[in-house]
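K.L.:
sequence isn't available, so here's the structure alone:
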C-alpha cells in the first residue's frame with residue numbers, strides 16, 4: 001500500500017474536510033516475485049520498483065494455490081475491466097484491481 005499523498009492526507013484532512021483520513025491509498029499485489037498494479041492498464045514491475053516509491057504499509061494476504069501461469073491467465077480475464085479506458089478514480093481504480101486479484 002502506498003500513500004500517494006505522502007502524509008498530507010493524515011496531516012491536513014481534518015482541517016480541510018473535517019474528517020481524518022490516514023492516507024490516499026494506491027495498492028498493488030505481489031506474487032511470484034512481481035508487483036502487479038492497475039495504472040495505464042494492468043502493469044507489473046519487480047517488487048519495489050514501481051513508480052510509487054517505497055510502500056507505506058504491507059499487508060500479508062497469504063499464499064495462492066494457483067500456479068504463476070494460472071495467475072497470469074486470470075489477469076488476461078481482467079483486461080476488459082482494468083484497462084486505460086476503464087479507469088475511474090472512485091468506481092474502478094487500483095484498489096478494485098487488487099481486490100479482484102485476491
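P.N.:
Done, it's in. It should be emphasised that the depicted structure is a prediction, and the values quoted were computed from it without experimental measurement.
K.L.:
now the residue nearest the centre of the chain: phi and psi?
P.N.:
The residue lying closest to the centre of the chain (Cα atoms, centre = their mean) is residue 27, at 2.3 Å. Dihedral pair for residue 27: phi -120, psi 160, per degrees, to the nearest 10.
K.L.:
tell me the secondary structure at the spatially closest residue to it that is not a sequence neighbour.
P.N.:
Excluding the flanking residues, the one nearest residue 27 by Cβ to Cβ, 6 or more residues apart in numbering is residue 98, at 4.1 Å. Where C-beta positions appear, they are placed from N, C-alpha and C, glycine not excepted. Classification of residue 98 by DSSP: H, G, I helix; E, B strand; the rest coil places it in helix.
K.L.:
tally of neighbours for residue 98?
P.N.:
Close neighbours of residue 98, defined as other Cβ atoms under 10 Å, add up to 20.
K.L.:
how about the one 4 residues further on?
P.N.:
When neighbours are counted by other Cβ under 10 Å, residue 102 registers 8.
K.L.:
surely the residue nearest to the centre of the chain and residue 3 touch.
P.N.:
No. Distance between residue 27 and residue 3: 10.8 Å, which falls outside the contact criterion (Cβ atoms under 8 Å).
K.L.:
if we can go back for a sec, tell me which residues touch the residue nearest to the centre of the chain, please.
P.N.:
Residue 27 makes contacts with 1, 2, 37, 94, 95, 97, 98, as judged by Cβ atoms under 8 Å, 6 or more residues apart in numbering.
K.L.:
give me the buried subset of those.
P.N.:
By neighbour count, with 16 or more other Cβ atoms under 10 Å, the contacts of residue 27 hold 1, 2, 37, 94, 97, 98 as buried.
K.L.:
who are the contact partners of the residue nearest to residue 27?
P.N.:
27, 28, 29, 37, 38.
K.L.:
adding distance to residue 9, pLDDT and secondary structure, write the residues you listed out as a markdown table.
P.N.:
Listed next are the contacts of residue 98 as a markdown table, based on distance: Cβ to Cβ, whole Å; pLDDT from 0 to 100; DSSP: H, G, I helix; E, B strand; the rest coil:
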| residue | distance to residue 9 | pLDDT | secondary structure |
| --- | --- | --- | --- |
| 27 | 15 | 97 | coil |
| 28 | 19 | 97 | coil |
| 29 | 22 | 96 | strand |
| 37 | 19 | 97 | strand |
| 38 | 20 | 97 | strand |
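K.L.:
noted, bye for now.
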